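>>> Fold the stuff below for me.
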Amino acid sequence: MGNEFKKFIAQGSVLDLAVGVIIGGAFAKIINSLVADIFMPIIGLFLRGVNVAQQFISLNGETYANKEEAIKAGAAVLSYGNFLQASLDFICIAFVLFLVVKQANKYKKPVPVVVAT
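Residues are numbered from 1 along each chain as shown. Modelled structure (predicted):
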């Protein structure tokens, strides 16, 4: 059993997957920074200085100066700004992965088609 496991781990596809996961995690950090530090401030500028990530609705009907104050008061908070930022993160990551896969597919060898006679 131990030898089978060693053989399984040593296969190229498992190592490729591990490298892909590590690179994917690092790439996600870059995209998160791109969205949080570049895109969201630009969007906020167009919205007259609004910090989109801090937008929220308190579900208890009270008005609070900011999200932290609402949370400290024990109010249930719907943080739609965080959701918008996470959605933009996802769209950016999905688009870049689409471009990478599209380029990788150009270099793949076509699979020969077998015609049954």
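
>>> Next one, pLDDT for the closest residue to residue 67 other than its chain neighbours please.
Closest residue in space to residue 67, ignoring its immediate chain neighbours: residue 56 at 4.5 Å, by Cβ to Cβ, 6 or more residues apart in numbering. C-beta: built from backbone N, CA, C; applies to glycine. Listed pLDDT for residue 56 reads 90.

>>> Residue 74 too?
90.

>>> Now do it: how many residues are near it, please.
The number of residues packed around residue 74, counting by other Cβ atoms under 10 Å, is 8.

>>> mind checking how far it is from residue 58?
With distances taken as Cβ to Cβ, to the nearest Å, residue 74 is found 10 Å from residue 58.

>>> now do residue 100
Plainly put, residue 100 is 41 Å away from residue 58 if you go by Cβ to Cβ.

>>> the more surrounded of the two?
The residue with more neighbours, out of residue 100 and residue 58, is residue 58; 17 against 11, by other Cβ under 10 Å.

>>> give me the beta-bridge partners of that one?
For residue 58, the residues forming beta bridges with it (DSSP bridges) are residue 77.

>>> Secondary structure element holding the residue nearest in space to the middle of the chain?
Against the mean C-alpha coordinate of the chain, by Cα atoms, centre = their mean, the closest residue is residue 90 at 4.1 Å. Assigned by DSSP states H and E, residue 90 belongs to helix 80-107.

>>> what's the neighbour count on the residue lying closest to residue 62 once chain neighbours are set aside?
Closest residue in space to residue 62, ignoring its immediate chain neighbours: residue 75 at 6.2 Å, by Cβ to Cβ, 6+ apart. As a burial measure, residue 75 scores 17 neighbours (other Cβ under 10 Å).

>>> cool, residue 73 as well?
Each residue near residue 73 was counted by other Cβ under 10 Å, and the total is 12.

>>> Having no further points to raise, I will conclude here.
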